[in-house]
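1. Give me the fold of what follows.
(one chain, ligands or ions: 2)
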Amino acid sequence: MLVATAGHIDHGKTSLVRALTGVDTDRLPEERARGISIDLGFAYWRTDEHHTIGFVDVPGHERFVHNMLAGVCAVDFALLVVAADDGVMPQSVEHVQILDLLGIARGIVAITKCDRVAPARVADVREQIRQLLAPTTLADAPMYAVSVVNGGGLAELGAALKAASAALPSYRTGRNFRLAVDRAFTVTGAGTVVTGTVLDGTLELGAHLTLSPPGLDARVRGMQSAGASVNSVRAGERCALNLAGIELTRVHRGDWLLLPGMHAPTSRLEVQLRVLASRKQGLRHNSPLHVHLATADLVARVLLPTQNTTPAGGEAIAQLVLERPTTAATGDRFVLRDQSGRQLIGGGQVIDPFAGAERRRSGDRTAISAALRLGEPARALTALLDIPGYEIDILRFERCFNLQPGTAQTLYQSAGVVLLGSTHTLALPARRVAEITTQLIELLRGFHRAQPEESGMNSRQLHAALTTPISTEAFLILLRDLNEKRQIELSGTAARLPGHAPTIGPTDSARWQRALFWLQRRGMRPFTVRELADELRTSEASIKAMLYRRRSNGDVWRISEERFMLRQQVAALAASAAALATEVGGKGFTAAQYRDAVGTGRNLAIQVLEFFDSAGVTYRNGDLRRMRPEYELVVGSAAPYRPAP
Ligand SMILES: Nc1nc2c(ncn2[C@@H]2O[C@H](COP(=O)(O)OP(=O)(O)OP(=O)(O)O)[C@@H](O)[C@H]2O)c(=O)[nH]1
Ligand SMILES: [Mg+2]
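-> Ligands and ions are numbered 1, 2, ... in the order given. Have a look, this model is predicted:
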């Protein structure tokens, strides 16, 4: 069990931890000189062979509340300390508010310095504390009157802590390891060491982790917990990790250590927040503030949905726009303080850590938010699947809940989900996929009946004809899946039912074979009706008729008034454009870059690009072009064309 102290300055937190554990957590020279705690202190109490109670001793001074916040983020239990002589003081109140906002519901109160006051005073302070705690998560915390001077009450307090430790519920399972860093330092001979609390999962010695948000790789070279070397640590434990591959200057309090696949920094969190009832003013839209999330202290602005104010005592679903990215998971608690970092405003819970990364057509934000707010992954998944037309980006879902792959797979199975594609990126309800598949097959059957001379139905028309909505991305994956399972056949941009043979006349078909033979040898060059008519020694009118039919089933594209190209060539040129777009990053590519990439003349490059713009393969912005995400629906997929060296 991990216990954090809480309470006003000088009320005896550090003295109490020392009395229980024998460890003086005030280790900084300045702390010793001034007799106050400044930063977090740590101590361990080995209560028996199997149990250790860890203490995070926090400073009470109002100027060090940010340190206190980093200390209490991941504890199981609060030890609220109130001195019998002073009674409840400002930071007693503030610390209790913080514990309440963080949802810490297990705790004990120590009324310290009882050697200094008469029993009647202890009773008064007890009443003050009762009133302070009544509206909070700690309303039922038992109180112990103690003194470190005469040792009174310490045995009872210690026994209560042991009992609480034994009764602590086990940690949630099925989650990936993550640790919130609270300190980093170097140890001579060992290198960088970070300490922190494991929030989820387990970690073995030698594991590879990512330091997030910087995104640096690290290997766990050494591991200690409660002062001893260990081979593994798990949720709820504090540990010190000796990291290979990370320089000390790169790691700070507030960073996370994560499994590499879970590293996904974000700057916009959708949250549910609450403004303290004791605030004089409400929280205004767009206010700058500090977000304390785990050990991080982040500068942010709050965006309120109604664009005005959430009153004191009020709640809202809001967005926090962070100045620097962080790592967060659904359900993580946070505390908000004002811009100066002096006053507590409120706090809440993360709903959607990736609120800024909405895919287009990804369904109703309110419904997604309501689903995630259910907090528990299985329930959230069921609710997400119920959103009409919504397709779950499963990497994002798994990152929201920090889910282990095996746990996620079990969830998908029991929720009746179909994962589309070989890399399984989108999840749809099985019944929706079945419905769409049936529609698809019906549409193709109808198409073949109505147009037997066509080799297949254009996939864009097919997509548009579906009555059950599906995104282009998911549709393309589904088509490929069905093609692999031989339920349909894809050729280029056309889909057909297996066994369908177009009823094209024999002359046409033989002529087309000759045309293909010539065109393929000609290489990556468009052709005119005239050229093809000359080559095949036939009339332009009959070539036109043949090309017209070949265009409608997607074998040929007309790329300008006069010029045609084979579908495979156009698809390869589009794939080259896509490869180039990826290579140049998000900013788009120029016609000159494209010409160099495909090694054609400038005129042809421009002709092709203009055709791509009009056909919906690319879009143009000034001199730059980018790919449309659904371009493969238009031209089909192919390997990129590369000019012969
Ligand atoms: N008489 C008496 N003095 C105490 C008792 N507990 C603590 N003190 C004294 O109170 C002073 C402050 O104690 P600390 O333990 O440093 O208080 P703290 O809450 O850790 O203070 P900060 O960390 O700075 O917030 C010290 O001089 C202690 O000796 C007690 O039970 N009886
Ligand atoms: Mg102290």
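
2. so what pLDDT did the residue of the stretch 451-600 of the chain found nearest ligand 2 get?
-> Closest contact between the stretch 451-600 of the chain and ligand 2, by CB to the ion, is at residue 586 (50.2 Å). For glycine as for every other residue, the C-beta is placed from the backbone atoms N, C-alpha and C. Residue 586 carries a pLDDT value of 80.

3. show me the contacts for the nearest residue to it once chain neighbours are set aside.
-> Leaving out its chain neighbours, the residue that sits closest to residue 586 by CB to CB, 6 or more residues apart in numbering is residue 626, at 7.8 Å. Taking CB atoms under 8 Å, 6 or more residues apart in numbering, we find residue 626 in contact with 581, 586, 588-589, 618-619.

4. who does residue 626 bridge with?
-> Per DSSP bridges, the residues bridged to residue 626 are residue 619.

5. coming back round to it: buried subset of the contacts of residue 626 as a PyMOL selection?
-> Here is the PyMOL selection string for the buried members of those, based on 16 or more other CB atoms under 10 Å:
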select buried, resi 581+588+589+618
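
6. quick check, nearest of the contacts of residue 626 to ligand 1?
-> Ranked by distance to ligand 1 (CB to the nearest ligand atom), the contacts of residue 626 are led by residue 586 at 49.6 Å.

7. What degree of burial does residue 227 show, as a neighbour count?
-> 12 (other CB atoms under 10 Å).

8. what's the answer for the one 5 residues further on, then?
-> By other CB under 10 Å, the residues close to residue 232 number 13.

9. How many neighbouring residues does the residue lying closest to it once chain neighbours are set aside have?
-> Spatial nearest neighbour of residue 232, excluding adjacent residues (CB to CB, 6+ apart): residue 204 at 5.0 Å. Residue 204 is flanked by 11 other residues according to other CB under 10 Å.

10. mind checking pLDDT for residue 326?
-> For residue 326, the model assigns a pLDDT of 95.

11. My read is that it contacts residue 299, right?
-> No. Distance between residue 326 and residue 299: 10.9 Å, which falls outside the contact criterion (CB atoms under 8 Å).

12. of the two, who's got more company?
-> Shown here are residue 326 and residue 299; by other CB under 10 Å, residue 326 has more neighbours (24 against 13).

13. Now do the contacts for that one.
-> Here residue 326 is in contact with 213, 254, 265-267, 293, 296, 298 (criterion: CB under 8 Å, 6+ apart).

14. now do residue 435
-> Taking CB under 8 Å, 6+ apart, we find residue 435 in contact with residue 468.

15. Residue 224 is in what secondary structure piece?
-> In the assignment (DSSP states H and E), residue 224 maps to strand 216-225.

16. Sheet-wise, list the partners of the longest strand anywhere in the chain with their directions.
-> Once the chain is assigned using DSSP state E, the strand that runs over the most residues is strand 315-326. Strand 315-326 sits in its sheet next to strand 266-275 (antiparallel), strand 296-303 (antiparallel), going by DSSP bridges.

17. so what strands line up beside the following helix or strand past the first one?
-> Beyond strand 266-275 on the C-terminal side, the first helix or strand identified by DSSP H and E is strand 283-284. If you go by DSSP bridges, strand 283-284 pairs up with strand 309-310 (antiparallel).

18. Check the offset of the strand it pairs with from the chain's centre.
-> Distance of strand 309-310 from its chain centroid, counting by CA atoms, centre = their mean, to the nearest Å, is 27 Å.

19. Stretch 216-234 now?
-> 25 Å.

20. the strands in the stretch 401-550 of the chain, which residues?
-> In the stretch 401-550 of the chain, the strands defined using DSSP state E, counting those that start in this stretch lie at 417-420, 426-429, 457-458, 489-491, 494-496, 527-528.

21. picking up where we left off before, which positions within the next helix or strand after the longest strand of the chain qualify as buried?
-> Sequence order places strand 333-338 as the next helix or strand after strand 315-326, per DSSP H and E. Across strand 333-338, burial judged by 16+ other CB under 10 Å covers 333-337.

22. Sweet, I'm off.
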